[in-house]
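Colleague: A structural model of the following input is requested.
(chains A and B)
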Protein chains: 2
Amino acid sequence: MHRAVATRSPMPVLSGILIEAQENALRLTGTDLELSITYSVPAEVIAPGTIVLPARYLSDIVRRLPAGRVGVMADLSSSNVTLRYGRAEAHLIGFNADEFPRLPEVTPKIELTLDGELLREVIKQVVYAVGQDELRPIFTGVLLEVADEELRAVATDTHRLALRRSELAGYEGQLTNIVVPGKALSELSRILAGGEEEVRVAVAENYIALDSGAIRMTSRLIDGQYPDYRQVIPGSYRTRISGMDTDELLRTVERVAIMSREDGPVILLENSDGTLVISAQCQAGSIREELPATIEGEDFKVAINATYIAEALKASASQEITLELNGNYGPAIIRSKDNLDYLALILPIRLA
Amino acid sequence: MHRAVATRSPMPVLSGILIEAQENALRLTGTDLELSITYSVPAEVIAPGTIVLPARYLSDIVRRLPAGRVGVMADLSSSNVTLRYGRAEAHLIGFNADEFPRLPEVTPKIELTLDGELLREVIKQVVYAVGQDELRPIFTGVLLEVADEELRAVATDTHRLALRRSELAGYEGQLTNIVVPGKALSELSRILAGGEEEVRVAVAENYIALDSGAIRMTSRLIDGQYPDYRQVIPGSYRTRISGMDTDELLRTVERVAIMSREDGPVILLENSDGTLVISAQCQAGSIREELPATIEGEDFKVAINATYIAEALKASASQEITLELNGNYGPAIIRSKDNLDYLALILPIRLA
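Modeller: Sure thing, here's the model as predicted:
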């Protein structure tokens, strides 16, 4: 939960971790008011109590503790804690727990349960495409849409878009449509260690809570109307390039991008006698590579951001992919052969 | 040699790597005029020749080449090179080799041969203590002194000093006294892969050349008089603390330093009833640890930079160390039990 701790804040208590010792567990919570993360760990609690300790010092010390038992004694009246280990003693000056902002009680309007592994995959497949521009907050989030017995996750920075559908067979709850900060989902996929059987999801008016048992994350939702992503995904294509090995294409794109211009990693995709040719040039030289592929439809010469292609390929989770083009300036679509639920869209670049 | 390439320079050719194809070897050289590094690799040379290629592009491409043979064709008149691999072709626009500054021909006044492993150890044991202040260039170098059948390496930033002696049994050459840039030696110990049986060292008026066969490094020496380090190393001590496990002391120092003040990692060493106590405090709290040790001599209470102690301990290459104190403000000396040829000196801090 250390990662949810506010690093600079007018509220000093937010630099702390809330520690609640109750029954047979220690609950550790960090928050920056947008995002809260709580870990629960089993502990032998001699006397229950609640305190806030400075996050950085606490985690630095805990990380470096020698092997062996650690005694923790808190003086709740002074908010001070003593750790005893070996022939050593550390004192930490904490904050009064009453100052720590409480997480909102999420009264869910939607509740559902997802497989933990699936949730990690869904996040990984779309979160790379969120925008970084804080002035357009809606694009820094991931749209989660529940409808038609499906969960649809969408992210776009307006230059590219990633979409992942997942079945929610038998789901009979309410439909919904929320935008979750990409940062919160990235953090969640990092801390879900793998092996979580299920994650309970509860959505309230302004919050989402995700709970795996040991880890609970609560994040504020992003306000505003997410644009209709369906409108930008073409229903047809003018050229279809198939039979490409994802890894081989990725390595070619990364190699060619080395010689792209300094002002952006632009590479050129074109067909030459039925072969896919990928090339780039800059002041220092050029690269031109041919890739085996099956090309159907119109000829093309598309300039495209190599980083966007590389990120979309890495997220595809498929050995083989298909690329659909819609003219030299229309959206390019990457579909994975083994995973029809994933789609990436990239807008080509108009070269001057 | 990529690391010796100038990153920003008014001479564009210095951003390149000189490639000399001769007989059965390719010699690759990078230089920033201070430091030159040459690698020799075996190669099937069809036609000999010399060219300069842009370092960054060349190394990026070579690192990402697919498995298989690579054909290299150079057009010496235009300084262009073509690489052919698989179904791909890369062109690199190079520089005329005549523009590349030639390494000085080092006419040695001193020549000696060192064991490669020993040289790496000597560098590691002193180079951490060089100064970073470019305004006092002499302290950014390592003093290498050959005398009395010994090689002595010394580095100091004026707050601490590291000294390593090595036997040069049977050495009958001239005595010398040179200051080699710390950066060059760090680089050398990084690129000496280990397993080098011997490194030939040649010293000329302004240059040192170190040659392991596959790797040759030439560095300009630092001008100026290195201060007499013997004067600052005390011949006696007032307190001697022995019987300390190096690793345990290091871990304690690093743990205690967590709670040191934000303006510097200052920790306090003192004796309390015959025990070594290491402590620190700051606004967020405090740590106090006791360490088993044998203490002889005067009582003490020494404030000292924890990073300096930690770096000196890591360089000691010894399981057990001894600490000699000379009052609360006199130099503290770390000696390693298994390696009497190593010594680290640290000046304590006068607390206000």
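
Colleague: quick check: residues of the stretch 1-150 of chain A near chain B?
Modeller: A:54, A:57, A:60-61, A:64-66, A:80, A:86-93 (Cβ under 8 Å from any Cβ of the partner chain). The way it works is simple: take the backbone N, C-alpha and C, and place the C-beta from them, glycine included.

Colleague: domains in chain A, by residue range?
Modeller: A:2-99, A:110-229, A:234-346 (automatic domain parsing).

Colleague: reformat these as CSV; add distance to B:Tyr39, mean neighbour count and mean pLDDT.
Modeller: Compiled in CSV, the domains of chain A are given as follows (distance: least, Cβ to Cβ, whole Å; neighbours: other Cβ atoms under 10 Å in any protein chain shown; pLDDT from 0 to 100):
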stretch, distance to B:Tyr39, mean neighbour count, mean pLDDT
domain A:2-99, 40, 16, 88
domain A:110-229, 37, 18, 92
domain A:234-346, 21, 18, 94
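
Colleague: can you tell me which of those domains is nearest to B:Glu262?
Modeller: domain A:2-99 (10.8 Å; Cβ to Cβ).

Colleague: residue contacts, A:Gly141?
Modeller: Counting by Cβ atoms under 8 Å, 6 or more residues apart in numbering or on different chains, A:Gly141 touches A:130, A:155, A:179-182, A:221-222, A:226.

Colleague: repeat that for A:Gly131.
Modeller: A:Gly131 makes contacts with A:139-140, A:156-158, as judged by Cβ under 8 Å, 6+ apart.

Colleague: among those residues, which ones are in helices?
Modeller: Secondary structure from DSSP state H places none of the contacts of A:Gly131 in helices.

Colleague: what two of these are the furthest from one another?
Modeller: The most widely separated members of the contacts of A:Gly131, counting by Cβ to Cβ, are A:Thr140 and A:Thr158 (11.6 Å).

Colleague: who are the contact partners of the closest residue to A:Arg220 other than its chain neighbours?
Modeller: Setting aside the residues directly before and after it, A:Arg220 is nearest to A:Glu34 in space (Cβ to Cβ, 6 or more residues apart in numbering or on different chains), at 5.0 Å. Shown in contact with A:Glu34 (Cβ under 8 Å, 6+ apart): A:181, A:184, A:219-220.

Colleague: go on, A:Ser79?
Modeller: When contacts are taken as Cβ under 8 Å, 6+ apart, A:Ser79 is in contact with A:51-52, A:93-97.

Colleague: what sits against A:Ala90?
Modeller: A:61, A:82-83, B:259, B:285-288.

Colleague: including secondary structure and distance to B:Glu145, could those residues go into TSV?
Modeller: Formatted as TSV, those follow (DSSP: H, G, I helix; E, B strand; the rest coil; distance: Cβ to Cβ, whole Å):
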residue	secondary structure	distance to B:Glu145
A:Ile61	helix	43
A:Thr82	strand	51
A:Leu83	strand	48
B:Met259	coil	40
B:Gly285	strand	46
B:Ser286	strand	44
B:Ile287	strand	41
B:Arg288	strand	42
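
Colleague: out of those residues, who's nearest B:Ser40?
Modeller: A:Ile61 (50.2 Å).

Colleague: quick one, what contacts that closest one?
Modeller: Going by Cβ under 8 Å, 6+ apart, the list of residues near A:Ile61 reads A:83, A:90, A:92, B:255, B:258-259, B:287.

Colleague: interface residues of the stretch 251-352 of chain A facing chain B?
Modeller: So the stretch 251-352 of chain A meets chain B at A:251-252, A:254-255, A:258-259, A:283-291 (Cβ under 8 Å from any Cβ).

Colleague: can you list contacts of stretch A:249-260?
Modeller: A:265-267, A:278-282, A:284-289, A:291, A:306-307, A:309-310, A:313-314, A:321, B:57, B:60-61, B:64-66, B:88, B:90.

Colleague: identify the farthest-apart pair in the contacts of A:Ile61.
Modeller: So, the contacts of A:Ile61 by Cβ to Cβ: farthest apart are A:Leu92 and B:Arg255, at 13.3 Å.

Colleague: if we can go back for a sec, now, the residues of the stretch 1-150 of chain A next to chain B that are in helices?
Modeller: A:57, A:60-61, A:64.

Colleague: closest one of those residues to B:Asp247?
Modeller: Within those, the smallest distance to B:Asp247 is 12.8 Å, found for A:Arg64 (Cβ to Cβ).

Colleague: ok, and the closest non-adjacent residue to the closest one?
Modeller: Per Cβ to Cβ, 6+ apart, closest to A:Arg64 is B:Arg255, 4.7 Å.
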